[in-house]
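Colleague: From the sequence below, what's the structure:
(chains A and B)
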Amino acid sequence: MRRVLVSGILVILCFVLQTTVFNEIAFGGIVPNLMIVLTASFGFMRGERTGLVFGFFCGLLSDIFFGSVIGLYAMIYMYIGYINGKFNRIFYPEDIKLPMALILVSDIAYGLICYIILFLMRGRFHISYYFIHIILPEMVYTILVTLILYPIILWINKKLEDIEQRSARKFV
Amino acid sequence: MSPIVKRKGEKFTLPGKYLLFILTILCTGLIVLTFNTNFLSAPVSAVGGFIIVPLQEGISKAGSWINTRSEELVQIRSLLKENEELKAQIDELTMENIKLQQDRYELTNLRELFDLGAQYDEYDKVGARIIAKDSGNWFHSFTIDKGSEDGLMIDMNVMAGSGLVGRIIDVGPNWSKVMAIIDDNSNTSGMVLSTSDNLIVTGDLELYADGIISFEKLVDSADRVVEGDKIVTSNVSDKYLPGILIGYISSINKDSNNLTKSGYITPAVDFEHLEEVLVITQLKQTAEEKE
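Modeller: Sure, this is the predicted structure:
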C-alpha cells in the first residue's frame, strides 16, 4: 500500500515538474524526459511488472493532457518499462553504468518510436534533422537530469524495501 | 525482486507477460476508441483536472516567479543604459506624436466620411493563464487554467496580444488543451489582408527553432503579394473566426508547379514566452448551426 502511494506521488511529481518547471528552464526549447527516467529505473530496479505498470501510468498522464489519442504514449512507455524490467537480473544498486546505458537507450528508442509513429506516418522524412535537433538534445539533457534524479529514485526504492523487510520480519 | 514482495503477491500473482498482454489490448482499444469517438475524454479529463491541474497551477506560478526574478537581475544593468537612451527618444517622440495626432484627427474625420467600421469585429474574450506545456519535444500544445466551468468549448480560438495562438482541442472542467498554430499537426486557413488571397498556414517542427511557420497554396497570379504583408485568418476557415492576425510574410517563393506560392511567416505572437492568453468565447458559425 505504501509502495503504491509513494509510486503514485512520484509519477505525478515527475509529470508536473516536467510540464512546468523544466519547461521554464528548457535549453533551446528541449525538455528532458523525466518519465522515461522514472519508468526505466523502476523497470530495472523492481522487475518487469513494476516497470510496465509505471510506464503505463506515466504514458497515460501524457496521453490525457497532451496526446491526440489516449493509449498511445501509455503503450510506448509500457513496453519501455517492460523491456527494462528484463534487465532486473543483472542489475546491482552499486553499479551506475548499466542504469545510465539503459536510460540512454530507452530515451533514444522513445524518440525514434515517436518519430516513426507521429511523424514518419505523416510523410515527414527528414529523420536526420529530427534526430539531431530533437532526439539527441533530449537524450543529452535527460542523461544530465538522470545524474541527479537517479540517486534519489534509488534511495527512495531502498527506503521502501527496508521498511517492507522490517514489517515482514515482524510477522514472521 | 525481493522475496518478501513475492510472498505478499501470492494472493494475486499475474505474471508480467500477461499483464503486458492485457494492458496492450486495453491501450489498443483505447486508441481506437478515442481516435474515432470523443466519448472517453470527459471522465478522463475530469479525473486529470482534479489531481494534476491544481499542482501544475501552483508550480508553474512559482517557476515563472523564479524565472522572472532571475531575469530581472540580469536585466538591471542593461536597463539603466536603455533608460538614458529612451529618455532621449521621448523628446523626439513627443514631437512626432504631436504631428501624428494632427494626422489622426484628419484620419478619423475621413473614416467617418467613408463610414468605415472598426478593422476587426469585437469579440468577447476571457483571459487564461498557461499552466503546463507539452511533456515531450515533438508537439507544441499547452494547457490553460480555464475549462468548461468557465464556459470554454472545443474549437474556441486562442489569442495573445493581437495575434492568433491556436485553438482549444480538449476541455476539462477546469483546464483546456490548446494546440498552437506552430504545432506540427496544425493547419490553418489564412488570407492575405491586402489582396484577400487564401493560403494554408502549416506548423512545422523543423522551423520551431527559427521562430517561423510556413504557408503554402497561395494563388497569386497577379504577383501582388509581397514580403511584409499581413496574414489574417480567412473567412472560409471552419474553426477560426475571420480577421485575426496570424503574422507577416517573411519570405515568398514560387512553387515548382508555377501556379501556387509558398513561403514563411513570422508569427505575430512570441510563442517562446507565452504566459497569458485570451480565449475568444465565440465559436465560428458553421453551416449546420445556421439552420
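Colleague: average model confidence for stretch A:53-61?
Modeller: Across stretch A:53-61, the average pLDDT comes to 90.
Colleague: ok, and what's touching it?
Modeller: A:7-8, A:11-12, A:14-15, A:35, A:38-39, A:42-43, A:70-82, B:19, B:23, B:27, B:48, B:52, B:135 (C-beta atoms under 8 Å, 6 or more residues apart in numbering or on different chains). Backbone N, C-alpha and C define where each C-beta goes, glycine included.
Colleague: Give me the buried subset of the residues you listed.
Modeller: By neighbour count, with 16 or more other C-beta atoms under 10 Å in any protein chain shown, the contacts of stretch A:53-61 hold A:7, A:11-12, A:14-15, A:35, A:38-39, A:42-43, A:70-82, B:19, B:23, B:27, B:48, B:52, B:135 as buried.
Colleague: which helices and strands does the longest helix anywhere in chain A pack with?
Modeller: Counting by DSSP state H, the longest helix found in chain A is helix A:136-171. When contacts are defined as 3 or more C-beta pairs under 8 Å, 6 or more residues apart in numbering or on different chains; DSSP states H and E, helix A:136-171 sits against helix A:2-19, helix A:34-46, helix A:97-114, helix B:3-8.
Colleague: The first one and chain B, any residue contact?
Modeller: Right, helix A:2-19. Yes - residues of helix A:2-19 are located near chain B by C-beta under 8 Å from any C-beta of the partner chain, namely A:12, A:15-19.
Colleague: could you give the mean pLDDT of that helix?
Modeller: Mean pLDDT, helix A:2-19: 87.
Colleague: could you say what helices and strands it packs with?
Modeller: Applying 3+ C-beta pairs under 8 Å, 6+ apart, we find helix A:2-19 packed against helix A:34-46, helix A:48-66, helix A:136-171, helix B:41-114, strand B:125-133.
Colleague: Let me know which of the ones you listed is the nearest to residue B:221.
Modeller: Nearest to residue B:221, of all the helices and strands packed on helix A:2-19, is helix B:41-114, at 29.4 Å by C-beta to C-beta.
Colleague: what helices or strands is the closest one leaning on?
Modeller: Using 3+ C-beta pairs under 8 Å, 6+ apart, the elements in contact with helix B:41-114 are helix A:2-19, helix A:21-24, helix A:48-66, strand B:125-133, strand B:163-171.
Colleague: got the angle for the third one vs helix B:41-114?
Modeller: Between helix A:48-66 and helix B:41-114, the angle comes out at 20 degrees (axes from the mean of the first three to the mean of the last three C-alpha atoms, to 10 degrees).
Colleague: what element comes up after helix A:48-66 heading to the C-terminus?
Modeller: Beyond helix A:48-66 on the C-terminal side, the first helix or strand identified by DSSP states H and E is helix A:72-85.
Colleague: Which other helices and strands does that following helix contact?
Modeller: Helix A:72-85 sits against helix A:34-46, helix A:48-66, helix A:97-114, helix B:16-36, with contacts defined as 3+ C-beta pairs under 8 Å, 6+ apart.
Colleague: Would you pull up how far the last one lies from the middle of the chain?
Modeller: Right, the one you point to is helix B:16-36. The chain centre lies 32 Å from the centre of helix B:16-36; the measure is C-alpha atoms, centre = their mean, to the nearest Å.
Colleague: Dump the C-alpha coordinates for it into CSV.
Modeller: Extracted in CSV, the C-alpha atoms of helix B:16-36 (Å, rounded to 0.1, in the frame of the first residue of the first chain):
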residue,chain,number,x,y,z
GLY,B,16,4.3,-9.6,-16.2
LYS,B,17,3.8,-11.2,-19.6
TYR,B,18,0.0,-11.5,-19.1
LEU,B,19,-0.3,-8.1,-17.6
LEU,B,20,1.6,-6.7,-20.6
PHE,B,21,-0.7,-8.5,-22.9
ILE,B,22,-3.9,-7.3,-21.2
LEU,B,23,-2.7,-3.7,-21.0
THR,B,24,-1.6,-3.8,-24.6
ILE,B,25,-5.1,-4.8,-25.7
LEU,B,26,-6.5,-2.2,-23.4
CYS,B,27,-4.3,0.5,-24.9
THR,B,28,-5.1,-0.6,-28.4
GLY,B,29,-8.8,-0.5,-27.6
LEU,B,30,-8.5,3.0,-26.1
ILE,B,31,-6.5,4.3,-29.1
VAL,B,32,-9.2,3.0,-31.5
LEU,B,33,-12.0,4.3,-29.3
THR,B,34,-10.6,7.8,-28.7
PHE,B,35,-9.4,8.1,-32.3
ASN,B,36,-12.9,7.6,-33.6
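Colleague: ok so, going back, most tightly packed of the helices and strands packed on helix A:72-85?
Modeller: helix A:34-46 (a mean of 27; mean count of other C-beta atoms under 10 Å in any protein chain shown).
Colleague: tilt between it and helix A:2-19?
Modeller: On the basis of the same axes, to 10 degrees, helix A:34-46 is oriented at 150 degrees to helix A:2-19.
Colleague: and helix A:34-46, does that touch chain B?
Modeller: Yes - counting by C-beta under 8 Å from any C-beta, chain B is contacted by helix A:34-46 at A:35, A:46.
Colleague: Excluding chain neighbours, what is closest to the residue of the stretch 151-291 of chain B found nearest chain A?
Modeller: Closest residue of the stretch 151-291 of chain B to chain A, C-beta to the nearest C-beta: residue B:206 (5.6 Å). Distances taken as C-beta to C-beta, 6 or more residues apart in numbering or on different chains place residue A:129 nearest to residue B:206, at 5.6 Å, with adjacent residues excluded.
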